[in-house]
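S.K.: A predicted structure for the sequence below; I have some questions about it.
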Amino acid sequence: MITKAHILAEIARTAKANKAVPLGARRFYTETGIKQTDWLGKYWSKWGDAIREAGLTPNTLQVGYGETRLMELLASFARELGRFPGRTDIQLKTYRDKGFPDRNTFRRLGKKEELVAKLAAFCRTRPDYHDVLKLCTSVEPAEDDADPAIEAEEAFGYVYLLKSGRFFKIGRTNAMGRREYELAIQLPQKATRVHSIKTDDPVGIEDYWHRRFADRRKNGEWFELTTRDVAAFKRRKFM
């Protein structure tokens, strides 16, 4: 059973990692694995009450983004990157910048080709965005004859936790078994898989866990984790 004290501690921890801004209930579940059923009707009747008891101020509801505002944000981000942002770029930006919309918000404007076309049309009418227009015209079109089954398979990967001696490695791969074999050859001690998380954003999710355990990093992708750290990782099946 997940205790009230544990939930409050996780609210405080995730808020601290999010620039002192408490997470909404859905994102809190994604970050911690603590479900709504773990607290609703048991400890609090509303998520805002849990936030207040943790000593924080609940977020106010955000007004939905209009298309013009989305184009402005996307154009500025493209300028920052020096290229048109991919879905992983957007996901990482969302993790790091609370005010930036997530990739699902941009998806409502269409597929990548449609989004590029809309951003290009937006930039053509604004002289201050003509540098971004050049970035849009340099985006290569997607292959029309790509196999959907292959695309679906390639869209997913894994973020894994391996243990070798007293240290843990957090890495990513598109082929879990092959990566284990490669590491077994490279490492002086036997490495065992503790857990793996399936994800459609391996880069972003690996980055999330690296940042979450940054204070436990020993070298590169190797960390000295506690039992609680490992349990937190193992709670996730998909991210």
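M.R.: Nice, I can see it. Numbering: from 1, shown residues only.
S.K.: Show me where the chain has its helices.
M.R.: Secondary structure of the chain by DSSP state H: the helices cover 4-17, 25-32, 47-53, 67-81, 87-96, 103-107, 112-124, 130-137, 148-154, 176-186, 202-212, 227-234.
S.K.: tell me the most buried of those?
M.R.: helix 202-212 (a mean of 19; mean count of other C-beta atoms under 10 Å). In short, each C-beta sits where N, CA and C put it, glycine included.
S.K.: Can you find the helix or strand in the chain with the smallest mean pLDDT?
M.R.: helix 148-154 (a mean of 43; mean pLDDT, DSSP states H and E).
S.K.: Residue 91 touches residue 104, doesn't it?
M.R.: No. Counting by C-beta atoms under 8 Å, residue 91 does not reach residue 104; the two are 10.0 Å apart.
S.K.: Can you pull the phi/psi pair for the residue nearest to residue 77 when sequence neighbours are not counted?
M.R.: Leaving out its chain neighbours, the residue that sits closest to residue 77 by C-beta to C-beta, 6 or more residues apart in numbering is residue 85, at 5.4 Å. Note on residue 85: its backbone torsions stand at phi -70, psi 140 [degrees, to the nearest 10].
S.K.: And residue 85, how close does it get to residue 106?
M.R.: 9 Å (C-beta to C-beta, to the nearest Å).
S.K.: which residues does residue 173 bridge with?
M.R.: residue 158 (DSSP bridges).
S.K.: What about residue 198, how many residues nearby?
M.R.: 15 (other C-beta atoms under 10 Å).
S.K.: In this structure it contacts residue 237, no?
M.R.: Yes. With contact defined as C-beta under 8 Å, residue 198 counts as touching residue 237 (6.9 Å).
S.K.: Per-residue pLDDT of the closest residue to residue 47 other than its chain neighbours, please?
M.R.: Once flanking residues are discounted, residue 47 sits nearest to residue 25: 4.2 Å by C-beta to C-beta, 6+ apart. Listed pLDDT for residue 25 reads 83.
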